[in-house]
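J.: build me a model:
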Amino acid sequence: CSPVFCPNSPVCGSFVPRWVLDTNGGLCRHCNTCFGPLQFVEAASDCPVCFDSDCLQVRFPCGHSLCTECFSKPLRSVQEQPPTEQEFGCPASDDLDVQDTFIEAWRAAQPSRAATFDAALDRWDALDSERRCEFLEVLRRCPLCRRLNPLSGDFVTWRPAQAVPMEWHC
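T.: As a prediction, the model looks like this:
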């Protein structure tokens with residue numbers, strides 16, 4: 001059960017247990033649901049976005065390439081973390097079992113703060129869903145040509161390896 005790198009690790013950076021890759025088509029869960037296996041090539045030319053020439057690049061099925069840094073920029077927008085109970089006054093604990101008890105007691109003692117937290121978490125969930133939809137749309141298209149993909153006959157340059165979870169559908 002030793003950790004291994006996801007084959008897309010130049011973009012995602014995932015270092016996960018082998019069973020995670022085995023249950024997600026050979027990729028980490030994030031890569032499997034977002035973009036499937038990527039083709040990496042050594043830079044034959046400058047990245048058309050940042051003009052870096054000494055970099056590993058992601059090649060799209062249309063033949064265009066972007067450096068891994070430019071390709072992964074949209075990933076950063078979906079890595080924002082949700083609000084926590086501690087931001088709304090709940091005491092923290094390193095012990096997860098005790099933390100659940102703290103949260104229950106906090107909710108009972110401060111229902112208005114708990115309701116404010118729930119509303120903030122709902123807003124974050126809605127925004128996160130929108131960000132993920134935008135993220136998937138950005139990653140599905142070649143930023144350079146946007147022309148028809150010769151393999152699928154539409155504007156999408158590649159498809160996720162498996163179906164996208166329902167909460168990610170736009």
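
J.: now the helix or strand harbouring residue 97: buried residues?
T.: If you go by DSSP states H and E, residue 97 is part of helix 96-109. Across helix 96-109, burial judged by 16 or more other CB atoms under 10 Å covers 99, 102, 103, 106, 107. Bear in mind the C-beta positions are built from the backbone N, C-alpha and C, glycine included.

J.: count of neighbours near residue 27?
T.: Neighbours of residue 27 under the rule other CB atoms under 10 Å: 26.

J.: now it. Nearest residue, chain neighbours left out?
T.: Leaving aside its chain neighbours, residue 27 sits nearest to residue 6 (5.6 Å; criterion: CB to CB, 6 or more residues apart in numbering).

J.: these two touch, right, the one you found and residue 29?
T.: No. With contact defined as CB atoms under 8 Å, residue 6 does not count as touching residue 29 (9.3 Å).

J.: comparing the two, which residue is more hemmed in?
T.: Using other CB under 10 Å, the more surrounded residue of residue 6 and residue 29 is residue 6, with 23 against 17.

J.: for that one, what are its contacts?
T.: By CB atoms under 8 Å, 6 or more residues apart in numbering, the contact set of residue 6 is 12, 14, 15, 16, 21, 27, 28, 31.
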